[in-house]
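# Next one to model:
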Amino acid sequence: MVNTSIARSRRRSRERGAAVFIVVLVITMLTAIGLFAAHAATLSTIASGHERRMTQTHYLTEYAMQLAIAEIEQKGGLEMIPRSTSCSVITDACWPLLPHTFDAAQELLEPPAAETPGSLGRADVQWIAKVEITDKIRPAIGNRAGSDMGGPNPVSVDYCTVTMSARLIAWPDGSAIATAGSQESMSVVADILCSK
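Below you'll find the predicted structure:
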C-alpha cells in the first residue's frame with residue numbers, strides 16, 4: 001500500500017509540468033484573441049472615419065457644383081462667364097469656375113461648436129474646388145418646363161445642356177492636405193441657364 005502511494009505521487013509530480021504547459025497555452029491563446037479583437041475594433045473605427053470623410057467630400061463636391069450653377073444664374077447665364085482654353089480637358093472652349101469663386105459659400109456652412117457638430121462634422125473643414133463646364137449644346141436637349149418662348153406670355157430664357165466636371169479637396173483645418181485630405185471628382189450632364 002505504501003509502495004502504491006509512492007508510485008502514485010511520483011506519477012503526479014511528472015504530470016505537473018504538463019498542467020502548467022496547458023495553462024500557459026490557454027492564456028496565450030486568450031491574449032492573442034483579445035489583441036486580435038482590439039486590433040479589429042481599431043481598424044473598424046479608422047475605416048468608419050475614412051468613410052465619413054469620403055461622404056463629406058462627396059457632398060461638398062455636389063455643393064460646389066450647385067454653387068457654380070447659382071453663380072452662373074446670378075451673373076445672367078453662361079454667356080456672361082468668360083471662356084477659357086486652359087481647362088483640364090482638351091476642348092474648343094470651357095468655362096472654369098476657380099476656387100476663389102466659392103468664398104461666399106463659407107457663410108452658408110455652420111461651424112462646429114463646443115457641444116454640437118457643424119455642417120461638416122466636429123472638425124472645421126477647409127476645401128478647395130474647381131468646376132469646369134464644357135460641351136455646350138444649345139438649345140438644351142428636351143423640354144424645360146416654364147421656359148417656353150412662345151404663347152401669350154413668352155419667357156426669354158435660354159437653357160443649354162453642358163457637362164460639368166468638379167474636383168474638390170477637403171481637409172480638417174490645421175492639418176496638412178497631403179496627410180489628412182480627401183479628394184473627389186464628379187461629372188454630370190446638366191441643363192443650365194445660357195442667357196436671359
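
# What values do phi and psi take at Leu35?
phi -60, psi -40 (degrees, to the nearest 10).

# Tell me how many other residues crowd Ser88.
Number of residues near Ser88 (other C-beta atoms under 10 Å) recorded here: 13. C-beta here means a position set from N, CA and C on the backbone, and glycine is covered the same way.

# Give the helix, strand or coil label for it.
Here Ser88 is coil, with the state taken from DSSP: H, G, I helix; E, B strand; the rest coil.

# and if you look at Val189?
At Val189 the chain is in strand, as set by three-state DSSP.

# Looking at strand pairing, list the partners for it.
When assigned by DSSP bridges, Val189 has beta-bridge partners Thr163.

# same question, Cys94
Beta bridges link Cys94 to Ser84 when assigned by DSSP bridges.

# What score does it have for pLDDT?
Note for Cys94: predicted pLDDT of 80.

# I'd like the distance between it and Ile81.
As judged by C-beta to C-beta, to the nearest Å, Cys94 and Ile81 stand 10 Å apart.

# So for these two, which sits in the more crowded spot?
A direct count of neighbours by other C-beta under 10 Å for Cys94 and Ile81 places Cys94 higher, at 21 against 17.

# pretty sure the more buried one is touching Thr85, no?
Yes. In this structure Cys94 lies within contact range of Thr85 using C-beta atoms under 8 Å: 7.5 Å.

# hmm, back to that, list residues touching both of Cys94 and Ile81?
When contacts are counted by C-beta atoms under 8 Å, 6 or more residues apart in numbering, Cys94 and Ile81 are jointly contacted by Ile133.

# centroid residue for this protein?
Note on the chain: the residue nearest the mean C-alpha position is Met54, at 2.4 Å, using C-alpha atoms, centre = their mean.

# Do a quick rundown of the strands in the protein.
95-97, 125-137, 158-172, 182-195 (DSSP state E).

# Run through the neighbouring helices and strands of the third one.
The helices and strands touching strand 158-172, judged by 3 or more C-beta pairs under 8 Å, 6 or more residues apart in numbering; DSSP states H and E, are helix 2-75, strand 125-137, helix 177-180, strand 182-195.
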